[in-house]
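Visitor: sequence and predicted structure, then a few things I'm wondering about:
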Amino acid sequence: MYLAAIGVNHRTACLDVREKVALDEEVTRALLEHLVSRPEVTEAVAVSTCNRTEVYVVGPSLPLRDLALGGLCHVTGVCRDDFDESVYYLEGEAAVEHLFVVASSLDSMVLGEAQILHQLKESYQTATAAGTTGTMLNKLFRRSFEVGKRVRTETRIGESSVSIASVSVDLARNVFGDLALRSVLVVGAGEMAELVLTHLRGHGVTRVRVTNRTFERAIELAERFAGDAVRYESLTEHLAGVDIVITSTGSAQPIIRRADMERVMKSRKNRPVFLIDIAVPRDVEAAVNDVYNAYLYDIDDLQDVVASNLGERRQEATAAREIVTDEVAAFRAWTRSLQVVPTMVALRRWATAVKEEELERHLAKMPDLTPDERERVAALAHSLMNKFLHPPTVRVKETSGEEEGQQYAESLSRLFGLEGLETSEAHTDERSAP
Amino acid sequence: MQGLEQLLLGVALAAYLAAAVLYTFGLAFKRREAGGLAFVVLGVGFLGQTASIIARWVEGGQLPLTSLFETLVFLSWCVVLLSIIADRRYTAQAAGIILVPTAFFLTAAAVLMYEGPRELREELQTHWLLIHAGLSVFGYAAFTVAFATGFFYVVQEDLLKKKYQQVRTLIHSLVVAFGTSLGLYVGYVIADPTLFEDALGNRVYGYSSSDWTIIGVGAAVGLAASLVIGWVAARGASRPSFANRLPALHLLDRLSFHSVLFGLVLLAFGIVSGAMWAKVAWGSWWEWDPKETWALISWVFYAGYVGMRGLANWRGRNAALIAIVGMFLIVFTFLGINLFVPGRHDFN
């Protein structure tokens, strides 16, 4: 039972390639069924997100690269030569480590993002529904979810905000605390402005005013943003009445100048105002930040905060790596313990065969025994066998995660001539139903 | 009884130290568990100190507010009480970072000069003392809370305004100013004034040169330690993720303002009750004793700020700076007077 993985991700392949090998649920199922229909593959899981497509396979022998890659090409119809050099292939422990790294979002485009764990779970569910997982991949994927969870709770890799919108919310909260009763004025349109507004809403902001140079457009936008349209001419008046201002117009000249803000601040009675200027060129004069109790962040300032927060996530990545290393070691112990199972089963099978054979031979020589006595003799033989097998079985199981256990199993195999009797079928009965 | 009182005070002292470390750790590394644990430890210390005060009260038969030791213990008790309120009611855990160490140093200073309950001059054996001193000291504690929240307001506001750049100097200077004052204060508490005769032959309390050395060393140690701590803190604090851990400006401003209001009311009652006591005891309302004068100056200072807040919208940074400057007035009123000028508020 050997594990291997192939894949392409945002580091190795451009979007063009990733798009071609991206798998929707239906194609995924086709791929999984195609793979396990081959005798070389016993288990398979396929993971596909916008940043990666990966296939995890388990089979009785290695390598499995060509097979897995062939399957991927078969279902997507992509010519293998088109992306062969972008593909990474990992075997055994390297594949385990890779999945754990992915689950910890250490391999993600945005370090520490939370989506990947969810996507992995979905991929795994698709595979269990298709019935293509077994002992190895069940254990591996379930463990990877635990690893991902551990990394998120034991490190702060996902804590600091790394998008313009979430950083804007952080800053607004640093000024106002609870945002539930705060009001927002959106000047102009734009995707980024909308995104920031959505995030603010997520933190309880409900009162939204929208304005635009043309009032018709303002009404249009107000509908989309679920706010009230206000006239652009009365901008100053509205600046005095809101807590947060988002500007995103195409104006070549600043629309809010320091002198305006000075006046506004007077009528605001020094209540703080937080301005988010997403426009390029800027809508708000930089000197507005010098006005008492006015806080102005332009797109560069926000990006600086994002960069600083990403730096913190990178620091946390070191701790996350350590968790992954630990978990890989634990998984190694588990796979090793799995390796002794066929030997122990074979040993038992051999001993049982010997017992049966000898019983038959000796009972044949004692035809006078009553059925009760025959049963006694059989029980004696069985009990003896169990007693003899017990100490080595326990010892091997105890040490099965370490080198020692592996050596014992190997010795047993040679001493008792078990080589021919060992089959990996021995533990398919452990396959747990999803 | 005295043994029990000391034991309980020791428990409080240890708990305050642990809570101070935990609060700082929680803010520096964003460990929410540390903040929660700090609160529990602080609570244990508070109960210990409360029991200690009660034990002394029972033994001495009067509310322990008659010596510098007792006043310091009471002040630290008030500071802890208020920081518990700040932590729960306003969820401003960061305030604990200044308040709890302050409470610790106050308690430590008190422990260093521990003395048993003493026989009071007959004129002081009155409920007036309890009312007058208790209210005034509680007022000082409220102003300490205003100071701590003002301090963090200035830090948070600078981080926001200057976009996490070039704020190191400010944070460093704030920490150094705080640390040096603290060192000076600890030195003052350790130094023991002695009786000597002045040029006119009056017997007054004063400081010998060795006392001044102790005070100087205290200030120097405070300066040196806060230079280092301030540098580290300023480095660590100059980043957005630190600002996210501080309370919001809105909250700090509100808490600081409420503390000043509370302190003003308490100090007003403290001053008025003092005047009434003076009328009863000495037959005159007001004597322009230095402590009376400075308490009045402090009160007018804070009252002026509250007035300006209503009239000219003094909120935000200016309000925070006032709370910080006001603290120096309060420290001078509470201790400086006893240090430099003799008067009827001497503890001896």
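Guide: Perfect, thanks for sending it.
Visitor: please tell me I have it right and A:Val41 contacts A:Pro60.
Guide: No. A:Val41 is not in contact with A:Pro60 according to Cβ atoms under 8 Å; the separation is 9.0 Å. (C-beta placed from N, C-alpha, C; glycine too.)
Visitor: more neighbours: which of those two?
Guide: Neighbours were tallied for A:Val41 and for A:Pro60 using other Cβ atoms under 10 Å in any protein chain shown; the higher tally belongs to A:Val41 (22 against 12).
Visitor: tell me the SS of the more buried one?
Guide: Each residue gets one of three states, and A:Val41 gets coil by DSSP: H, G, I helix; E, B strand; the rest coil.
Visitor: so what's it up against?
Guide: A:Val41 makes contact with A:Leu35, A:Val57, A:Val58, A:Gly59, A:Leu64, A:Leu67, A:Ala68, according to Cβ atoms under 8 Å, 6 or more residues apart in numbering or on different chains.
Visitor: how near is the last one to A:Arg52?
Guide: From A:Ala68 over to A:Arg52 the distance is 14 Å, taken as Cβ to Cβ, to the nearest Å.
Visitor: ok, those two, which is more surrounded?
Guide: Between A:Ala68 and A:Arg52, counted using other Cβ under 10 Å, the more crowded position is A:Ala68 (27 against 23).
Visitor: that one against A:Val57, yeah?
Guide: Yes. Counting by Cβ under 8 Å, A:Ala68 does reach A:Val57; the two are 5.1 Å apart.
Visitor: next, show the common contact partners of the two.
Guide: Counting by Cβ under 8 Å, 6+ apart, the contacts common to A:Ala68 and A:Val57 are A:Ala4, A:Ala5, A:Leu35, A:Val41, A:Ala44.
Visitor: how does chain B divide into domains?
Guide: If the domains of chain B are taken from automatic domain parsing, they occupy B:1-119, B:127-161+B:248-348, B:168-237, with pieces of a single domain joined by a plus sign.
Visitor: of the ones you listed, which approaches chain A most closely?
Guide: Closest approach to chain A among the domains of chain B is made by domain B:127-161+B:248-348 (3.4 Å; Cβ to the nearest Cβ).
Visitor: mean confidence score for the closest one?
Guide: Averaged across domain B:127-161+B:248-348, pLDDT comes to 87.
Visitor: against chain B, how distant is A:His10?
Guide: To chain B, A:His10 is 26 Å away according to Cβ to the nearest Cβ, to the nearest Å.
Visitor: no no, A:Val306
Guide: Separation of A:Val306 from chain B (Cβ to the nearest Cβ) stands at 9 Å.
Visitor: so where does that residue fall, helix or strand?
Guide: Following DSSP states H and E, the helix or strand that holds A:Val306 is helix A:299-364.
Visitor: which element follows that helix toward the C-terminus?
Guide: Per DSSP H and E, the first helix or strand lying C-terminal to helix A:299-364 is helix A:371-398.
Visitor: which outside residues touch whichever helix or strand comes after that following helix?
Guide: Sequence-wise, the next helix or strand downstream of helix A:371-398 (DSSP H and E) is helix A:403-415. Outside helix A:403-415, the residues that touch it by Cβ under 8 Å, 6+ apart are A:336-337, A:339-340, A:343-344, A:346-347, A:392, A:395-400, A:418-419, A:422.
Visitor: quick one: helix A:403-415 to helix A:299-364, angle?
Guide: 30 degrees (axes from the mean of the first three to the mean of the last three Cα atoms, to 10 degrees).
Visitor: quick one: average pLDDT of helix A:403-415?
Guide: Mean pLDDT, computed over helix A:403-415, is 86.
Visitor: residue contacts, the residue in the stretch 101-250 of chain A positioned nearest to chain B?
Guide: For the stretch 101-250 of chain A, the nearest residue to chain B under the criterion Cβ to the nearest Cβ is A:Gly177, separated by 3.4 Å. Shown here is A:Gly177, whose contacts under the criterion Cβ under 8 Å, 6+ apart are B:Pro247, B:Ala248, B:His250, B:Leu251.
Visitor: reformat the residues you listed as TSV; add secondary structure and neighbour count.
Guide: What follows is the contacts of A:Gly177, written out as TSV (DSSP: H, G, I helix; E, B strand; the rest coil; neighbours: other Cβ atoms under 10 Å in any protein chain shown):
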residue	secondary structure	neighbour count
B:Pro247	coil	23
B:Ala248	coil	22
B:His250	helix	21
B:Leu251	helix	23
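Visitor: sec struct for the residue lying closest to A:Ala189 once chain neighbours are set aside, please.
Guide: Leaving out its chain neighbours, the residue that sits closest to A:Ala189 by Cβ to Cβ, 6 or more residues apart in numbering or on different chains is A:Leu221, at 5.4 Å. Following three-state DSSP, A:Leu221 is assigned to helix.
Visitor: against A:Tyr2, how distant is A:Leu221?
Guide: Counting by Cβ to Cβ, the gap between A:Leu221 and A:Tyr2 amounts to 58 Å.
Visitor: in the stretch 101-250 of chain B, which spans are strands?
Guide: B:194-197, B:203-206 (DSSP state E, counting those that start in this stretch).
Visitor: returning to what we had before: my guess is the residue nearest to A:Ala189 contacts A:Tyr232. True?
Guide: No. Judged on Cβ under 8 Å, A:Leu221 makes no contact with A:Tyr232 at a distance of 11.7 Å.
Visitor: show me the domain layout of chain A.
Guide: Following automatic domain parsing, one finds the domains of chain A at A:2-159, A:164-302, A:333-426.
Visitor: and the stretch 251-400 of chain A, which of its residues are near chain B?
Guide: A:269-272, A:289, A:292-293, A:295, A:297, A:301, A:304-305, A:308-309, A:312 (Cβ under 8 Å from any Cβ of the partner chain).
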